[in-house]
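Participant: Provided below for reference: sequence and predicted model.
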Amino acid sequence: MLNANRLRQQIKRRTFLAGNAHLLGPLALAAMTANGQAPPVAPSQGEGHSRTPTAKRVIYLFMSGGPSHVDTFDYKPALAKYDGQPIPPSVVEDVHFAMIPPNTPPLVKRSPYQFVRSGRVGTLVSELLPKIGGMADQLCVVNSMRSGIFNHDPAVSLLNTGDSRVGRPTMGAWLSYGLGTENENLPAYIVLTSGVKRQPLLNSYWSSGFLPARHQGVLFRSSGAPVMFLKSPEETQHAARRAQVDLIKWLNGRRYELVNDPEIAARIEQYELAFRMQSEVPALVDLGGETAETLTLYGADRKRPSFARNCLLARRMVEQGIRFIQLYDMGWDSHGSLERDHAQQCQAIDQGVAALLTDLGRRGLLDETLVIWGGEFGRTPVAQGGGEKWGRDHHPHGFTMWMAGGGVRAGVTYGATDDFGFHAAVDQLDVHDLHATVLHCLGIDHRRLVFRHQGRDFRLTDVGGRVVQDLVL
């Protein structure tokens, strides 16, 4: 038997729920905060703050499959000198190749491409990337990245999450969690894809891991409806859809009150976001208002999917305050026919990347947008196979990435591999160092952006990472 006071409290609660369903999302979030599940105060407000941020958002150009560093940004004349000869055993001691048989002596393979000194600073860039080379004075090239992971999926996971195992939050999810969103009508984290599918792109590549589900990346499709199941049926009116969403919110709110599951609160938010996206997304991806000059700059078609079109969409998303935009370009896994495949891949991205940097710069957005370029690893300075269809194997021991804008030094080449381009030899950078430096540009102390999960405080940089001061302003 309920006493009178408790009965009155329940009646008041039911009345409140019936009449104020629109408040359940904020209430759920408030409850999450009380239970330690909400994100920390944004760094700009103090929590996790390391300095005034130089970047507000990130565009991550991910070359899926692994571009060859010794054929793009890491010029090694020793490869031409020793072409066709076995690489010194001391260089490959204890090295495990992914595809080259262990009983086959690895033979040095020169780059078939010329390298050109580009920009005022004379950065060496392959002839495969002339337009990116023309932007050399904007680039901060790191030639000394390394990791210990030589298979695609765990290597991609490491670059995205700081851990080779599936289940950790990606960098985009951490930024959504730590910084929140600048545009409540669009996701904070969007993924675009292009290229030739040689390896699958896994949903875990843009997962929120153990962070609340609202921080996961939203994949925009390259053709058809950009987000599946977002558009209402033709006969459904806006008011009717609003009423449906309100009913679902009310039901979810009742369930949340009973079980206090933060995933229900995330579901409430996702329904609300999806409803708002119905009117925002079509305008975001509609290039009808872009000038002919802009389309020509990118080499993009208003309708035809391409990496260049995705670069233009990324600029539009930056303008709308999207926090983290990741462009996956597939097809860089050149185990064979590297000369043909890398030429095609570079041609497909060169103009779009250069146009993106140019366009961001002329709109005053590059200074507050950090652009990152790279893959999950590089490719071996030794040949895989022979004849005209030679290729290069996976290579995590030393490879290249670059950054631009957003508070990194421009016109800089940092670090070096050894004479053969095999091992990172000077100013080595681990993946955790890269992540710590990126977070630093966004005003975040990587040691303080944490989330407690299964009794432990987790962070993007795990238990490592250092800010590389030589890379930042």
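Facilitator: Arrived safely.

Participant: What helices and strands are in contact with the strand or helix carrying residue 452?
Facilitator: Using DSSP states H and E, residue 452 falls within strand 451-453. Here strand 451-453 touches strand 456-458, going by 3 or more C-beta pairs under 8 Å, 6 or more residues apart in numbering; DSSP states H and E. Every residue, glycine included, has its C-beta placed from N, CA and C.

Participant: Low-confidence regions, this protein specifically.
Facilitator: Applying pLDDT under 70 to the chain picks out residues 1-50, 228-229, 232.

Participant: run the last query once more with 50
Facilitator: The model of the chain has pLDDT under 50 over residues 1-47.

Participant: now the helices for it?
Facilitator: Applying DSSP state H to the chain gives helices spanning 4-19, 24-34, 77-81, 130-133, 152-161, 171-179, 238-259, 262-285, 292-298, 307-319, 338-362, 431-441.

Participant: between those, which gets nearest to residue 391?
Facilitator: Checking the helices of the chain against residue 391 by C-beta to C-beta gives helix 338-362 as the closest, at 4.6 Å.

Participant: which outside residues touch the strand holding residue 452?
Facilitator: Under the criterion C-beta atoms under 8 Å, 6 or more residues apart in numbering, residues 36, 169, 177, 210, 211, 457, 458, 459 lie in contact with strand 451-453.

Participant: All the strands of the stretch 1-150 of the chain, residue numbers only.
Facilitator: Applying DSSP state E, counting those that start in this stretch to the stretch 1-150 of the chain gives strands spanning 57-64, 115-118, 123-126, 139-146.

Participant: Within its sheet, name the partner strands of the third one and how each one runs.
Facilitator: Neighbouring strands of strand 123-126 in its sheet, by DSSP bridges, are strand 115-118 (antiparallel).

Participant: Can you list the buried residues in the strand it pairs with?
Facilitator: 115, 116, 118 (16 or more other C-beta atoms under 10 Å).

Participant: Serialize the residues you listed to TSV and add fields for distance to residue 132.
Facilitator: Rendered in TSV, the data for these read as follows (distance: C-beta to C-beta, whole Å):
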residue	distance to residue 132
115	13
116	11
118	8
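
Participant: For residue 424, which residues are in contact?
Facilitator: Counting by C-beta under 8 Å, 6+ apart, residue 424 makes contact with 143, 144, 145, 146, 397, 398, 399, 415, 416, 417.

Participant: Format these as JSON lines; extra columns: neighbour count and distance to residue 197.
Facilitator: As requested, the contacts of residue 424 are exported to JSON lines (neighbours: other C-beta atoms under 10 Å; distance: C-beta to C-beta, whole Å):
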{"residue": "143", "neighbour count": "26", "distance to residue 197": "29"}
{"residue": "144", "neighbour count": "23", "distance to residue 197": "30"}
{"residue": "145", "neighbour count": "27", "distance to residue 197": "25"}
{"residue": "146", "neighbour count": "21", "distance to residue 197": "27"}
{"residue": "397", "neighbour count": "23", "distance to residue 197": "27"}
{"residue": "398", "neighbour count": "27", "distance to residue 197": "27"}
{"residue": "399", "neighbour count": "30", "distance to residue 197": "22"}
{"residue": "415", "neighbour count": "22", "distance to residue 197": "32"}
{"residue": "416", "neighbour count": "17", "distance to residue 197": "34"}
{"residue": "417", "neighbour count": "27", "distance to residue 197": "30"}
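
Participant: tell me which of these is nearest to residue 336?
Facilitator: Nearest to residue 336, judged by C-beta to C-beta, of the contacts of residue 424 is residue 399 at 19.6 Å.

Participant: Give the bridge partners for that closest one, please.
Facilitator: Under the criterion used here (DSSP bridges), residue 399 is bridged to residue 145.
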